[in-house]
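S.K.: build me a model from this:
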Amino acid sequence: INNNQHHPLVDFSSNDYLGLARSTSQITKVQDAYDSHITKTHTQNTSAILGATGSRLLSGNSTLSLTLESNLAHIHNRPCALLCNS
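M.R.: I've put the predicted structure just below:
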């Protein structure tokens, strides 16, 4: 973020204060990982659904979410992790 004096500012008040949502390299990495996951888990006759379309209680777990939870638990040296979407 830039102010009128062209001094860079850091935005600590939003959910994107690190700027990762606008990072082209991060966006590319996420898209590549998602495309790789879709290729592995869906056939040509099955279309990928973007988003859960409901809570886990209603629509079940996705393998991508379960893998992310497992990886997060491993990174933080915990027995498990829980992904809470908003």
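
S.K.: what's the neighbour count on residue 40?
M.R.: Per other C-beta atoms under 10 Å, the neighbour tally for residue 40 reads 8. Where C-beta positions appear, they are placed from N, C-alpha and C, glycine not excepted.

S.K.: wait, residue 69
M.R.: Number of residues near residue 69 (other C-beta under 10 Å) recorded here: 15.

S.K.: ok but it is inside a strand, no?
M.R.: No: assigned with DSSP: H, G, I helix; E, B strand; the rest coil, residue 69 falls outside any strand and is helix.

S.K.: wait, isn't it in contact with residue 79?
M.R.: No: in this structure, residue 69 is not within contact of residue 79 by C-beta atoms under 8 Å, at 11.1 Å.

S.K.: any weak-confidence spans in the chain?
M.R.: Applying pLDDT under 70 to the chain flags residues 1-6, 10-14, 17, 41-54, 58-59, 85-86.

S.K.: and the helices in it?
M.R.: For the chain, the helices defined by DSSP state H cover 24-41, 56-59, 63-75.

S.K.: against which helices or strands is the last one packed?
M.R.: So that's helix 63-75. Helix 63-75 sits against helix 24-41, with contacts defined as 3 or more C-beta pairs under 8 Å, 6 or more residues apart in numbering; DSSP states H and E.

S.K.: buried sites along the helix it packs on?
M.R.: For helix 24-41, a neighbour-count test (16 or more other C-beta atoms under 10 Å) marks nothing as buried.

S.K.: CA-only coordinates of that helix in CSV, if you can.
M.R.: Output in CSV follows, covering the C-alpha atoms of helix 24-41 (Å, rounded to 0.1, in the frame of the first residue of the first chain):
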residue,chain,number,x,y,z
THR,A,24,1.3,-13.8,-8.5
SER,A,25,3.9,-16.4,-7.5
GLN,A,26,1.6,-17.7,-4.7
ILE,A,27,-1.5,-17.6,-6.9
THR,A,28,0.4,-19.7,-9.5
LYS,A,29,1.6,-22.2,-6.9
VAL,A,30,-1.9,-22.6,-5.6
GLN,A,31,-3.4,-23.0,-9.0
ASP,A,32,-0.8,-25.6,-10.0
ALA,A,33,-1.3,-27.6,-6.9
TYR,A,34,-5.1,-27.5,-7.3
ASP,A,35,-4.8,-28.5,-11.0
SER,A,36,-2.5,-31.4,-10.1
HIS,A,37,-5.0,-32.5,-7.4
ILE,A,38,-7.9,-32.4,-9.8
THR,A,39,-6.0,-34.3,-12.5
LYS,A,40,-5.2,-37.1,-9.9
THR,A,41,-8.7,-37.3,-8.4
